[in-house]
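Participant: Sequence first, predicted model second:
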Amino acid sequence: MRLKPRVYLFFLLLFLLLVSCNALNRKSVAGLSIAYVDMKSLYLYSIAHDPDFVTYRDNEALRDLSDNNLSPYLLDIKKSVLVKIDDAIRYIADQNGITVVLAKDSSLVYAENSLDITQSVINELKLRNNRRAIHTR
């Protein structure tokens, strides 16, 4: 049994239509760019370089008034540090077209080292601390 040329043409057009629809679907799905950060490193860096925390740490009178880590002043500093870290992460992600940032220690099974943006965020925090120091002079 021999197929007519029209049947071949129909299957060819159907194949081309399916291929083109598949290509369109791939282009319409937004690309996903993933990176990760070491939140512990960011927090330790930030708290050590935060001017308010340094003042708190160096001012024995403030420390004596506090009840270990429950000082309202210390809690405000820690909240401020976390907000600064979050803002820096968002900035670095936005600048690099990253759509998802994962915390390294939270169920991250595998990631290439090139996806680690921790140092970029630390550099951004350094830059912001330097700007703040210049403005307070």
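Facilitator: The structure has been received and is ready for your questions. Residues are numbered from 1 along each chain as shown.

Participant: May I ask you to confirm that S46 is in contact with L125?
Facilitator: Yes - contact between S46 and L125 holds when scored by C-beta atoms under 8 Å: they sit 5.8 Å apart. Heads up, the C-betas are built off the backbone N, CA and C, glycines and all.

Participant: count of residues packed around D94?
Facilitator: By other C-beta atoms under 10 Å, the residues close to D94 number 10.

Participant: Give me the contact list for the helix or strand hosting it.
Facilitator: Using DSSP states H and E, D94 maps to helix 72-95. Contact with helix 72-95 is made by 35, 37, 39, 42-43, 46-47, 50, 52-53, 56, 62, 66, 69, 98-99, 101, 117, 120-121, 124-125, 128, as judged by C-beta atoms under 8 Å, 6 or more residues apart in numbering.

Participant: Looking at the residues you listed, which are in helices?
Facilitator: 39, 42-43, 46-47, 52-53, 56, 62, 120-121, 124-125, 128 (DSSP state H).

Participant: neighbour-wise, which of those residues leads?
Facilitator: Going by other C-beta under 10 Å, V121 tops the ones in helices among the contacts of helix 72-95 with 28 neighbours.

Participant: Could you report the separation of that residue from A48?
Facilitator: 15 Å (C-beta to C-beta, to the nearest Å).

Participant: Could you give the average pLDDT over stretch 83-94?
Facilitator: Stretch 83-94 shows a mean pLDDT of 91.

Participant: Alright, I will stop here.
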